[in-house]
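Enquirer: Have a look at this prediction, sequence included:
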Amino acid sequence: MRSSSRRAGRRLVSVLDIGTAKIACLIAVADESGGVRIVGLGHQRSRGVKAGVIIDLDQAEQAIRASVGQAERMAGVTLEEVVVGVSCGRLASLNFAASTDVETGRVGDGDIARALKGARAFAERDGRALVHLNPTGIRLDGAPGGGDPRGMAARRLGLDLHAVTADEGPLQNLTLAVERCFLGVSALVPTPYASALAVTTEEERRLGVAVLDIGAGTTTIAGFVDGRFVLADAIPVGGHHITFDIARSLQMPLAQAERIKALYGALVSAPSDVHDTFTYQLAGEDEGVEHTTTKAVLGEIMRPRVASLVDLAGDRIERSGLGGLIGERVVVTGGSSAIVGLGELTASRLGRSVRAAVPTRLNGLPPSVAGPAFSTVVGLMIAATADDGAIGSDAYDEARQTGYLGRVGAWLRDGF
């Protein structure tokens, strides 16, 4: 992925996560040895966004400007472009093979380019836009190959690929909101992939793992098999829906319901819950008039929504046909993963071992943003600064074909 600027062996990298509850921007300095140091951070309450989709360009632009401006002031720089996370547009995964004849008898850049061009056309059929592409296997004359095949003898080259696509309309509105802030979009990264990079280890990804990032308006799913990214999905349900259920059932204002959820919400019950009470104010009633309920009642309101969400995520994994390959480990993250008992409920519903995770600590990242709600933006920075064998959407800009071919070797070498 392209960085914002380069100087003296270092590059400035900026990423932007446009979520339903918050918009977060990170700026980092990355050096040639792979070190990353956060130098700028901005996060603001999100506006004009619903379930990851831009629904009001003006409001979204104001919130993006505020978040980016905060990060720029902290870093002392002015950004020209950012890497942007994508959760909108009905994200979908596609695992398929692309192949081409090797005209000279030895695999070269042109052969790989033809295979990838055909892969892009296949992934973008029916009006879908390619967001991400990563290799999962290489075959020479039908036989499994290893890493970079260039220079090897073969009559036919086959690439096994995983693509993530999205509907064009929501994707265009996302990039338009960023461009209205006088910023270029240097690359698009699917947020399920980013979150997974932030909260899983290389060993977990090699053994097989699924990651659920339960955000405010969207729950994303990522799956890895043999260390390779093979599944991305997004469900337009998240923590805000739990808050709505509480507000509707107890007839309280949404802001108060969010606070009650954070303070008293739990998905595991204890005998004392029927006696542990809290007070709240009904929506529309005069100030000072309070009502009382118990933690047991609150738990009964929350559990059906969370159980339904987890079941839906499990169904998406099984329908992908990869449930048996991903393994028995599930990692949950995102702001709503902090609800007490969510890991236990997820484990019981999915029948898999589950752990709740916070993102990897990056050098310079303030403790205030080290929680699970910031897994996506941290993962975007990891993706933007690592040669991980993935090609983001920037690699398919026909106007930058030369640069794209120059990256093919690293893509193939680092992807296996």
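Expert: Nice, thanks for sending it over. Residues are numbered from 1 along each chain as shown.
Enquirer: Pro367: neighbour count?
Expert: By the measure other Cβ atoms under 10 Å, the count of residues near Pro367 is 7. (Glycine included, C-beta is placed from N, CA and C.)
Enquirer: Quick check: phi and psi on Arg361?
Expert: The phi and psi values for Arg361, taken as degrees, to the nearest 10, are phi -80, psi 120.
Enquirer: go on, Cys25?
Expert: Here is the backbone geometry of Cys25 (degrees, to the nearest 10): phi -130, psi 130.
Enquirer: how far away is the residue nearest to Ile18 when sequence neighbours are not counted from Phe122?
Expert: Residue nearest to Ile18 in three dimensions, not counting chain neighbours: Val49, with 6.1 Å by Cβ to Cβ, 6 or more residues apart in numbering. According to Cβ to Cβ, to the nearest Å, Val49 stands 31 Å off from Phe122.
Enquirer: now Gly35
Expert: Per Cβ to Cβ, Gly35 is found 38 Å from Phe122.
Enquirer: Can you show me the helices along the stretch 251-400 of the chain?
Expert: For the stretch 251-400 of the chain, the helices defined by DSSP state H, counting those that start in this stretch cover 254-264, 295-319, 323-326, 342-350, 375-385.
Enquirer: got JSON lines for these, with distance to Val86, mean neighbour count and mean pLDDT too?
Expert: Output for these, formatted as JSON lines (distance: least, Cβ to Cβ, whole Å; neighbours: other Cβ atoms under 10 Å; pLDDT from 0 to 100):
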{"stretch": "helix 254-264", "distance to Val86": "26", "mean neighbour count": "17", "mean pLDDT": "94"}
{"stretch": "helix 295-319", "distance to Val86": "17", "mean neighbour count": "18", "mean pLDDT": "96"}
{"stretch": "helix 323-326", "distance to Val86": "22", "mean neighbour count": "16", "mean pLDDT": "89"}
{"stretch": "helix 342-350", "distance to Val86": "25", "mean neighbour count": "19", "mean pLDDT": "96"}
{"stretch": "helix 375-385", "distance to Val86": "10", "mean neighbour count": "27", "mean pLDDT": "95"}
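Enquirer: Those: which one's closest to Thr333?
Expert: Closest to Thr333 of the helices of the stretch 251-400 of the chain, according to Cβ to Cβ: helix 375-385, at 4.4 Å.
Enquirer: Need the residue closest to the centroid of this structure.
Expert: Thr191 (1.6 Å; Cα atoms, centre = their mean).
Enquirer: pretty sure that residue is in contact with Val86, am I right?
Expert: Yes: the criterion here is Cβ atoms under 8 Å, and Thr191 meets it with Val86 at 6.3 Å.
Enquirer: Figure out which of the helices of the stretch 251-400 of the chain is closest to Asp31.
Expert: helix 375-385 (9.7 Å).
Enquirer: In PDB, could you pull the C-alpha coordinates for that closest one?
Expert: Output of helix 375-385 as PDB, limited to C-alpha atoms (Å, rounded to 0.1, in the frame of the first residue of the first chain):
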ATOM      1  CA  SER A 375      -9.300  -3.000  16.800                       C
ATOM      2  CA  THR A 376     -10.200  -2.000  13.300                       C
ATOM      3  CA  VAL A 377      -8.200   1.200  13.100                       C
ATOM      4  CA  VAL A 378      -5.100  -0.500  14.700                       C
ATOM      5  CA  GLY A 379      -5.500  -3.400  12.200                       C
ATOM      6  CA  LEU A 380      -5.700  -0.900   9.300                       C
ATOM      7  CA  MET A 381      -2.300   0.500  10.400                       C
ATOM      8  CA  ILE A 382      -0.900  -3.000  10.600                       C
ATOM      9  CA  ALA A 383      -2.200  -3.800   7.100                       C
ATOM     10  CA  ALA A 384      -1.000  -0.500   5.700                       C
ATOM     11  CA  THR A 385       2.600  -0.900   7.000                       C
END
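Enquirer: picking up where we left off before, the residue nearest to the centre of the chain and Thr376, how far apart?
Expert: Relative to Thr376, Thr191 is positioned 5 Å away (Cβ to Cβ).
Enquirer: joint contacts of these two?
Expert: Jointly contacting Thr191 and Thr376 under the rule Cβ atoms under 8 Å, 6 or more residues apart in numbering are Asp17, Gly85, Asp213.
Enquirer: what sits against the closest residue to the first one other than its chain neighbours?
Expert: For Asp17, the nearest residue in space outside its immediate sequence neighbours is Val377; the separation is 4.0 Å by Cβ to Cβ, 6+ apart. Applying Cβ under 8 Å, 6+ apart, we find Val377 in contact with Val15, Leu16, Asp17, Ala24, Cys25, Leu26, Gly85, Ala194, Val369.
Enquirer: Alright, that wraps it up for me.
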